[in-house]
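**Student:** Structure for the following, please:
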Amino acid sequence: EYMKTNKLRFIVFLLMFSMVALACGGDTTVEETTEAPEAEAPKETLASPATTSPPPVVLTVWAEAKIAEAIEPTLAAYEEAAGVDVQVAVYDFGAIRSDVQTAAPAGEGPDVYLVVHDWMGELVKNGVAEPIDLGPLADEFVDVALDAYNLGGQTYGLPYFTEAMALYYNTDLVSDPISDFSELEASCASAGTEYCFGTPAGDAYANHYWYASGNGNIFEFGTSGFDPNNVGLDNSDSIAGVTLLDSYVKSGLVETLGWGDMVTAFNDGALPYMVQGPWAINDVTVPYSVVQIPAVNGNPGSPFIGVRGAVVNPFSENKVLATSFVLDYLSQDAVQEAMYIAEGRAPAKKALLESARNNPITAGFLNSALNGIPMPNIPEMANVWGAVGSAMGVIYNQDYGTNEETGITINSAEEAMKLAAQQVRDAIAGG
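**Tutor:** This is a model prediction of the structure:
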């Protein structure tokens, strides 16, 4: 109690002393001894600080491993310039076709995905491919690559490489490869080998050039793409091509060999020529080079072409940015070059053709592709493989006469092809 009383007195004393000092005119003393009030802390607000930028929009791309690796060195510069975050998901290429049709409508698909062009009929029909206007950029790509993404007169993808079968020749056996099939007999006689020329027997894809050079075709191609109502398998150039093939099979110049047996014979030095794709390069163990498919009856040999390209998902929430990524980034020369080299294929962009031809192997595949026809990208193509494959099988196996199971009589290559054409027409008409 005593301590409390003394403390109270001391406080009263200080208060009185201060009042006396004020009464004596001590203005300056008050200013010197009075502390300024503490500044009030700023109140929190919902607004972000002016120096904070919103996070970049994320674009998702589905691509196979080789392409993902190929574009990685140049991707950061594009991301910075465009203000986007591009996330490339490494995907099993074959699975993209089915998975995008499920994921895209559910809002779980990529913004951009990579395909091969002959999937496009199915993808467009099921609504998972967005038309893309290439504008002046179209002039920078080879026509066959652009044709591959034409459906109904609209373009649905940006091409980035082409692939086609071409003519491999053993450089130890052949110094001057043929450019026209009329030269085949003399060249093989000079090589002195057991066999002469091989194409996978009975295969509608591999033998395309026999029935589709000149004006031969499966479906007529026009400004609106492939026309399933105009089948050309039995036109005059198609018949002339398979008739020439039939004569070579009869004379023994063209062998009836499967894919694997053909490569084995080539590696054994028994076969100086074989028609194969770029996928066979690693299987060849003898010195070789590659040239374009020889001319058939004077017409440039026309193989099937596959074209890889980039497609925009119509369900993407960022279609404008996705389209910009395709047109402004994937179209760049450096990016296109990296992608075709990574896959060991041929370029689709005109600016890269000259440099690609510096490699004789790439040049062979490129020149073959430029003479080729894109594999038809319409659903009706499913009706072709069996019919044409059977016709090719009859020719290679010389299986003429009446088939005991079907009762159908085929006495020539011409009849085999006419039957295939009619089978295709009937299947399309029947839906």
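**Student:** Give the buried residues for stretch 316-336.
**Tutor:** 316, 318-319, 321-327, 329-331, 335-336 (16 or more other C-beta atoms under 10 Å). From N, CA and C alone the C-beta is placed, and that goes for glycine too.
**Student:** same question, stretch 146-153
**Tutor:** Under 16+ other C-beta under 10 Å, the buried positions of stretch 146-153 are Leu146, Asp147, Ala148, Tyr149, Asn150, Leu151.
**Student:** from these, which single one is nearest Ser53?
**Tutor:** Tyr149 (36.5 Å; C-beta to C-beta).
**Student:** Would you agree that closest one is in contact with Gly157?
**Tutor:** Yes - using C-beta atoms under 8 Å, Tyr149 is in contact with Gly157, at 4.2 Å.
**Student:** Between the two ends of stretch 193-203, how far is it?
**Tutor:** Start-to-end span of stretch 193-203 (C-alpha to C-alpha, to the nearest Å) is 24 Å.
**Student:** Name the residues of it that come out as buried.
**Tutor:** For stretch 193-203, by 16+ other C-beta under 10 Å, it's Thr193, Tyr195, Cys196, Phe197, Gly198, Thr199, Pro200, Ala201, Gly202, Asp203.
**Student:** do the same with stretch 419-431
**Tutor:** Leu419, Ala420, Ala421, Gln423, Val424, Arg425, Ile428.
**Student:** Now for those residues: which two are most distant?
**Tutor:** Among the buried residues of stretch 419-431, Leu419 and Ile428 lie farthest apart (C-beta to C-beta), at 15.3 Å.
**Student:** residues in contact with the strand or helix carrying Glu163?
**Tutor:** Element membership of Glu163 [criterion: DSSP states H and E] is strand 158-164. By C-beta atoms under 8 Å, 6 or more residues apart in numbering, the surrounding residues in contact with strand 158-164 are 114, 117, 132, 134, 137, 141-142, 144-146, 148-149, 277-278, 303-310, 326-327, 330-331, 336, 339-340, 343, 345-349, 365-366, 368-369, 372.
**Student:** Stretch 218-232 now?
**Tutor:** Contact with stretch 218-232 is made by 147, 150-153, 212, 215-217, 233, 238, 373, 376-378, 380-381, 384, 388, 421, 424-425, 428, as judged by C-beta under 8 Å, 6+ apart.
**Student:** quick one: pLDDT of the closest residue in space to Pro73 that isn't next to it in sequence?
**Tutor:** The shortest distance from Pro73 to any residue other than its chain neighbours is 7.6 Å, reached at Ala338 (C-beta to C-beta, 6 or more residues apart in numbering). Ala338 is assigned 98 on the pLDDT scale.
**Student:** now the angle from the host helix or strand of Ala338 to strand 158-164?
**Tutor:** Here Ala338 sits within helix 333-343, counting by DSSP H and E. On the basis of axes from the mean of the first three to the mean of the last three C-alpha atoms, to 10 degrees, helix 333-343 is oriented at 30 degrees to strand 158-164.
**Student:** Following helix 333-343 in sequence, what is the next regular element?
**Tutor:** Taking DSSP H and E, what comes next after helix 333-343 is helix 353-356.
**Student:** Which strands and helices lie in contact with that next one?
**Tutor:** helix 360-370 (3 or more C-beta pairs under 8 Å, 6 or more residues apart in numbering; DSSP states H and E).
**Student:** Now the following helix or strand past the helix it packs on: average pLDDT?
**Tutor:** Remark: after helix 360-370, the chain's next helix or strand is strand 373-374, criterion DSSP H and E. The average pLDDT for strand 373-374 rounds to 96.
**Student:** List the strands paired with strand 373-374, with their directions.
**Tutor:** Counting by DSSP bridges, the strands paired with strand 373-374 are strand 304-312 (parallel).
**Student:** Of all the residues in the partner strand, which ones are buried?
**Tutor:** Buried, per 16+ other C-beta under 10 Å, within strand 304-312: Phe304, Ile305, Gly306, Val307, Arg308, Gly309, Ala310, Val311, Val312.
**Student:** ok, now stretch 134-149?
**Tutor:** Leu134, Glu140, Phe141, Val142, Val144, Ala145, Leu146, Asp147, Ala148, Tyr149.
**Student:** Now do stretch 354-367: distance to the chain's middle.
**Tutor:** 19 Å (C-alpha atoms, centre = their mean, to the nearest Å).
**Student:** Now do that stretch: everything it contacts.
**Tutor:** Contacts of stretch 354-367 (C-beta under 8 Å, 6+ apart): 162-164, 166-167, 277-278, 281, 289-292, 337, 340, 345-347, 353.
**Student:** Which residues belonging to stretch 366-383 are considered buried?
**Tutor:** For stretch 366-383, by 16+ other C-beta under 10 Å, it's 366-378, 380-381, 383.
**Student:** For Ala369, give me its contacts.
**Tutor:** Val144, Thr162, Glu163, Ala164, Pro303, Ile305, Ala346.
**Student:** Recalculate using a threshold of 7 Å.
**Tutor:** Val144, Thr162, Ala164, Ile305, Ala346 (C-beta atoms under 7 Å, 6 or more residues apart in numbering).
**Student:** cool, and Pro294?
**Tutor:** Contacts of Pro294 (C-beta under 7 Å, 6+ apart): Leu167, Ile178, Ser179, Asp180, Phe181, Gly301.
**Student:** Could you report the pLDDT at it?
**Tutor:** The predicted local confidence for Pro294 is 98.
**Student:** rewinding a little: tell me what the helix holding Ala338 is packed against?
**Tutor:** helix 65-82, strand 158-164 (3 or more C-beta pairs under 7 Å, 6 or more residues apart in numbering; DSSP states H and E).
**Student:** following the longest one, which helix or strand shows up next?
**Tutor:** Translated: helix 65-82. strand 84-90.
**Student:** just the shortest one next, same as before
**Tutor:** Taking DSSP H and E as the definition, the helix or strand that follows strand 158-164 towards the C-terminus is strand 166-170.
**Student:** tilt between that next one and helix 360-370?
**Tutor:** Strand 166-170 runs at 150 degrees relative to helix 360-370, counting by the same axes, to 10 degrees.
**Student:** need the strands for the stretch 51-200 of the chain, in chain order.
**Tutor:** Using DSSP state E, counting those that start in this stretch, the strands of the stretch 51-200 of the chain run over residues 57-63, 84-90, 112-116, 150-151, 154-155, 158-164, 166-170, 197-200.
**Student:** List the contacts of the fourth one.
**Tutor:** This points to strand 150-151. Met120, Gly121, Val124, Gly225, Asn377.
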